[in-house]
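Engineer: Could you work out the structure for the sequence below:
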Amino acid sequence: MNQCLLQPYSHDKVLSALSLMSPLKSPCPNGLPPIFIQKYWHIVGAIIVRCVLKFLNSCNFLPRFNFLSFLSLSALPPESVSQFRPISLCNVVYTLASKAIANRLKQFLDSIISPFQSAFVPNRLITDNVLVAFELHHFLEHKKRGKVGLASLKLDMSKAYDRIEWGFLERVLDRLGFPQSFEAGASNNFKGVAVAKGAPRVSHLLFTDDSLIFSEATTKAFGCIKEILSKYEKASGQFINLQKSSVTFKGNTDLNLQPKKEIFQNLRERIWKKVMGWKEKLLSQAGKEVLIKSVLQAIPSYTMSCFLLPKTFVKELESILAYFWWGSLNEKKIHWILWTKLCESKRSGGMGFRDFEAFNLALMAKHVWRILKNPDTLLSKIFKEKYLARGSILEAKLGFNPSSTWRSLWKAIPLIKAGSRWRVGDGSNFQIWRDQWLPMIYVFIVDNLNL
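Structural biologist: Sure thing, here's the model as predicted:
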């Protein structure tokens, strides 16, 4: 690893990094976005490469390239200064150099970052940890046996990217540079949670700057967690935002602090607030089309990538969009065409709006396909031991007491089976009479036993 990291950078590496940059990304202090360098590469390319390579190969970087524009934004209406989040708009040359370094590091991230961190690493999705977290909480919810209860601790780091100490990063990098002598000693004072016998024991999950810790609900375990977090705060300069952190006790513990709520209701409220904030009577149909496609239909996308929304709830969301499209939310107006027809392509006579139900099912099918093709991921290992012990996910049953995440994935399995075909090798992994493998246009299964 070290030999590869220390190799000199070349012209091709810089050009490759430039091609991966978003052309119209937020401009730097000089007001020039990456598209300027990309379009006029034949003019400024030699100068840019010389500056970037000088920094990458000799650590000699001109100070003026390190200037940035500093902004403070808030996702919600701010009530205090602490709710603002800083955003730094770096110089394009500076960003280009960092992009080249990041591209070189990508090939090693999988080996130095634990499987419990699902962000930043190629071929990992942050939604994997969302599914794992809900599966673990489902296990905690229904665990009734045993003398020791279980608990989960949700941690939020206060301004995680602003408080990190550079000295702490240097010490971490030094340790990662010597993998042969570095061993992560696992503490026996607190244990993680395994949803089934043989499944990986999960003690923590990482979501960018948020964390989930799973442990036994004992004084000894929480004392150990508190000590570890205290040492981490002192070493890194960070501290935990207690206002956004919480503890959940489940199963056979004495307390149940997490009431059941309608977890999808906020999606409807967000869409409703957006629609009510627009003056639909002043918008043309073309303007409404743009707002529906680019704003309203994008709001539930992330939730749909993790859960299969109830059909009744999906109808509620689509009815809000339909009322907005046809005129007014406050008075009844004729809907001249069914919403399902508007969701068809424009070539078929529709408007090309997103069919929420079909889109939701497709996102669930994506997870099914990843479990099928990536059996070494944490998500695949956990679901395999709990639901897929007898074979492939394509042959899985719903099972006893399934979680909401598994129900969502299970309903998407027929979609994968209908759209997949076997590529025949030695024939050892599929059944010739039952599986779809014939290279024909309409018929994929052998249906004539007299062949």
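
Engineer: what's residue 393 sitting at in phi/psi?
Structural biologist: The phi and psi values for residue 393, taken as degrees, to the nearest 10, are phi -70, psi -20.

Engineer: Neighbours of it, how many?
Structural biologist: Residues lying near residue 393 (other Cβ atoms under 10 Å) number 20. Every C-beta, even on glycine, is put in place using the N, C-alpha and C of the backbone.

Engineer: And for residue 80?
Structural biologist: Counted with other Cβ under 10 Å, residues neighbouring residue 80 total 7.

Engineer: Quick one: classify the closest residue to residue 101 other than its chain neighbours as helix, strand or coil.
Structural biologist: Spatial nearest neighbour of residue 101, chain neighbours left out: residue 56 (7.2 Å); criterion: Cβ to Cβ, 6 or more residues apart in numbering. Per DSSP: H, G, I helix; E, B strand; the rest coil, the local secondary structure of residue 56 is helix.

Engineer: list the contacts for residue 56?
Structural biologist: Residue 56 makes contact with 9, 14, 97, 100, 101 under the criterion Cβ atoms under 8 Å, 6 or more residues apart in numbering.

Engineer: which among the residues you listed gets closest to residue 90?
Structural biologist: Nearest to residue 90 out of these is residue 97 (Cβ to Cβ; 9.8 Å).

Engineer: Please point out which parts of stretch 4-14 sit buried.
Structural biologist: By 16 or more other Cβ atoms under 10 Å, the buried positions in stretch 4-14 come out as 9, 13, 14.

Engineer: correct me, but the last one touches residue 101?
Structural biologist: No - under the contact definition of Cβ atoms under 8 Å, residue 14 does not touch residue 101, with a separation of 11.0 Å.

Engineer: low-confidence ranges in the stretch 201-350 of the chain?
Structural biologist: For the stretch 201-350 of the chain, the stretches with pLDDT under 70 are 208-209, 249-262, 279-281, 328-331.

Engineer: Do a quick rundown of the helices in it.
Structural biologist: Listed in chain order, the helices of the stretch 201-350 of the chain (DSSP state H, counting those that start in this stretch) span 219-236, 265-277, 285-294, 301-304, 311-326, 339-342.

Engineer: can you redo those helices as TSV with mean neighbour count and distance to residue 24?
Structural biologist: Output for those, formatted as TSV (neighbours: other Cβ atoms under 10 Å; distance: least, Cβ to Cβ, whole Å):
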stretch	mean neighbour count	distance to residue 24
helix 219-236	14	35
helix 265-277	14	24
helix 285-294	14	15
helix 301-304	16	21
helix 311-326	17	28
helix 339-342	16	30
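
Engineer: could you dump these to JSON lines with distance to residue 355?
Structural biologist: JSON lines is the format used below for these (distance: least, Cβ to Cβ, whole Å):
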{"stretch": "helix 219-236", "distance to residue 355": "45"}
{"stretch": "helix 265-277", "distance to residue 355": "16"}
{"stretch": "helix 285-294", "distance to residue 355": "13"}
{"stretch": "helix 301-304", "distance to residue 355": "12"}
{"stretch": "helix 311-326", "distance to residue 355": "9"}
{"stretch": "helix 339-342", "distance to residue 355": "7"}
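
Engineer: related to what we said a few turns ago, in helices, which of the buried residues of stretch 4-14 fall?
Structural biologist: Within the buried residues of stretch 4-14, residues falling in helices by DSSP state H are 13, 14.

Engineer: nearest to residue 360, of the helices of the stretch 201-350 of the chain?
Structural biologist: helix 301-304 (4.4 Å).

Engineer: For that closest one, name the packing helices and strands.
Structural biologist: helix 356-373 (3 or more Cβ pairs under 8 Å, 6 or more residues apart in numbering; DSSP states H and E).

Engineer: and the helix it packs on, average pLDDT?
Structural biologist: What helix 356-373 shows for mean pLDDT is 93.

Engineer: Same question for stretch 436-450.
Structural biologist: The model assigns stretch 436-450 a mean pLDDT of 65.

Engineer: same deal with stretch 377-390?
Structural biologist: Mean per-residue pLDDT for stretch 377-390: 86.

Engineer: Check the offset of that stretch from the chain's centre.
Structural biologist: For stretch 377-390, the distance from its own C-alpha centre to the chain's C-alpha centre is 19 Å (Cα atoms, centre = their mean, to the nearest Å).

Engineer: mind saving the C-alpha coords of it as CSV?
Structural biologist: Extracted C-alpha coordinates of stretch 377-390, given in CSV (Å, rounded to 0.1, in the frame of the first residue of the first chain):
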residue,chain,number,x,y,z
THR,A,377,-21.1,-7.1,2.8
LEU,A,378,-22.4,-6.7,6.3
LEU,A,379,-26.0,-6.4,5.1
SER,A,380,-25.7,-9.6,3.1
LYS,A,381,-24.2,-11.6,6.0
ILE,A,382,-26.8,-10.5,8.5
PHE,A,383,-29.8,-11.2,6.3
LYS,A,384,-28.3,-14.5,5.1
GLU,A,385,-28.0,-15.9,8.6
LYS,A,386,-31.5,-14.7,9.7
TYR,A,387,-33.6,-15.2,6.5
LEU,A,388,-31.5,-17.0,3.9
ALA,A,389,-29.9,-19.9,5.7
ARG,A,390,-31.3,-22.4,3.3
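
Engineer: What about residue 213, how many residues nearby?
Structural biologist: 22.

Engineer: Am I right that residue 71 sits in a strand?
Structural biologist: Yes - residue state for residue 71 (three-state DSSP) corresponds to a strand.

Engineer: can you start the count at 19 instead of 1 from here on
Structural biologist: I'll keep to 19 as the first residue from here, and by that count the last item is residue 89.

Engineer: Which residue lies nearest the spatial centre of this structure?
Structural biologist: In the chain, the residue lying closest to the centroid (Cα atoms, centre = their mean) is residue 144, at 2.7 Å.

Engineer: I figured that one hits residue 138, correct?
Structural biologist: No - counting by Cβ under 8 Å, residue 144 does not reach residue 138; the two are 9.0 Å apart.
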